[in-house]
Every structure is written in C-alpha cells, then in structure tokens.
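Okay, sequence plus prediction incoming.
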Amino acid sequence: DDGQTVTITEVPETPEEPTEPEQPTTPDTPSKTTDAPKTGDNTNIALFLGLLVLSGAGVAGTYFFKRRRS
C-alpha cells in the first residue's frame, strides 16, 4: 500500500428530535386486606426492661451490702 493516500471524511448525522414520552397510567390503589400474615417481632419490651432494672438493682444491692459489712 505504498504511494496510496486515503482520506476519511465523516458526515455529521443530524440527531433525531426527541418525542414526548408517553405518560404512564396511574395504577389503582389496592384495597386493604386484613388477612395478611403478621411479620416482625412483637415481643413485649417492657418485660425485658423490667428484668434489666431488677438485675441491676440486685447487683447494686449486693455491692453495697458487701461494702457495708467490711
């Protein structure tokens, strides 16, 4: 390919004009069903907080009782 000259010219393409997008239809709101299964944890937290306070009071009482005896 000696002695050959290649000229490349690009023809600019005209971009297409954007069209207006279609508006999506609004879905119907589903009716509220009452037979859905319960999920998540519904443990009574007050029981565990009461046990925590009770055990803390027991530890503190033991500490002060031993300190008072010695």
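That came in fine, so what should we check first?

residue ranges for the helices of the protein, please.
45-69 (DSSP state H).

what sits against the residue sitting nearest the centre point of it?
Central residue of the chain (Cα atoms, centre = their mean): Gly40, 15.2 Å from the mean position. By Cβ atoms under 8 Å, 6 or more residues apart in numbering, the contact list for Gly40 is empty. In short, each C-beta sits where N, CA and C put it, glycine included.

Model confidence for it, exactly?
Looking at Gly40, its pLDDT stands at 80.

what does Pro27 give?
Looking at Pro27, its pLDDT is 80.

how many other residues sit next to it?
6 (other Cβ atoms under 10 Å).

Can you list the low-confidence ranges for the chain?
In the predicted model of the chain, residues 1, 33-34, 36 satisfy pLDDT under 70.

at 90 instead, please
1-44, 67-70 (pLDDT under 90).

Please determine how far Arg69 is located from Glu16.
Distance, Arg69 to Glu16, using Cβ to Cβ, to the nearest Å: 92 Å.

again with Leu54
On the measure of Cβ to Cβ, Leu54 and Glu16 end up 75 Å apart.

The two - which one has more neighbours?
Legend: neighbour count by other Cβ under 10 Å for Leu54 and Glu16, higher for Leu54 (10 against 6).

Look up how far Leu52 lies from the residue nearest to the centre of the chain.
Taken as Cβ to Cβ, the span from Gly40 to Leu52 is 22 Å.
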